[in-house]
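Student: need coordinates for the below:
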Amino acid sequence: MNIAIACDHAGLDYKRRIKQHLLDAGHEVTDFGTESPQPCDYPAFIRPAAEAVAAGRCDRGIVLGGSGNGEAIVANRVAKVRCVLCWDLRSARLGRAHNDANVLSLGQRMISIEAALEIVDVFLATAFEGGRHGRRLAMIDQPPPAAPAE
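Tutor: Model prediction:
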């Protein structure tokens, strides 16, 4: 699997460790940065990673920051991206099984590296269940129904 990965300065340590974990597991990793611990603007790194997933150049994405919140918001602004902010194994499993999430957001200041690595593994291994969840996903990109004429 080709996985896009990106972070800001606050997620750099976990990005490096997760990247190595992915490479050790046999995945291909496309790294969108940052590589500096100096404060930076996370959209500059997160958006290109999300765009690579949306365009099909990468199969999944992992974005990291201090909390993961801003990173998830940026990724979800890209059409065809369904980014979930996860903090435990259950949220990762449900994000994939029910929401067919294709990008994972993690907060380095929120969870341990051990938990982050386990979440990554569950996120990558869990299949989308389809069924009623597929119907709901199709509704996300549909325009709202027209208001009735008065």
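Student: tell me the strands in this protein, going along the chain?
Tutor: When assigned using DSSP state E, the strands of the chain occupy the ranges 2-7, 28-31, 60-65, 83-85, 103-107.
Student: give me the contact list for the lowest-mean-pLDDT helix or strand in the chain.
Tutor: Sorting the helices and strands of the chain by mean pLDDT, DSSP states H and E puts helix 132-140 at the bottom, at a mean of 84. Contacting residues not belonging to helix 132-140 are listed as Arg82, Ala97, His98, Asn99, Asp100, Phe128 [C-beta atoms under 8 Å, 6 or more residues apart in numbering]. All C-beta spots, glycine's among them, are computed from the backbone N, C-alpha and C.
Student: could you redo the last one with a cut-off of 7 Å?
Tutor: His98, Asp100 (C-beta atoms under 7 Å, 6 or more residues apart in numbering).
Student: need the strands of the chain in TSV with mean pLDDT, mean neighbour count and distance to Gln38, can you?
Tutor: Conversion of the strands of the chain to TSV gives the following (pLDDT from 0 to 100; neighbours: other C-beta atoms under 10 Å; distance: least, C-beta to C-beta, whole Å):
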stretch	mean pLDDT	mean neighbour count	distance to Gln38
strand 2-7	98	26	13
strand 28-31	98	16	17
strand 60-65	98	28	14
strand 83-85	98	24	24
strand 103-107	98	28	19
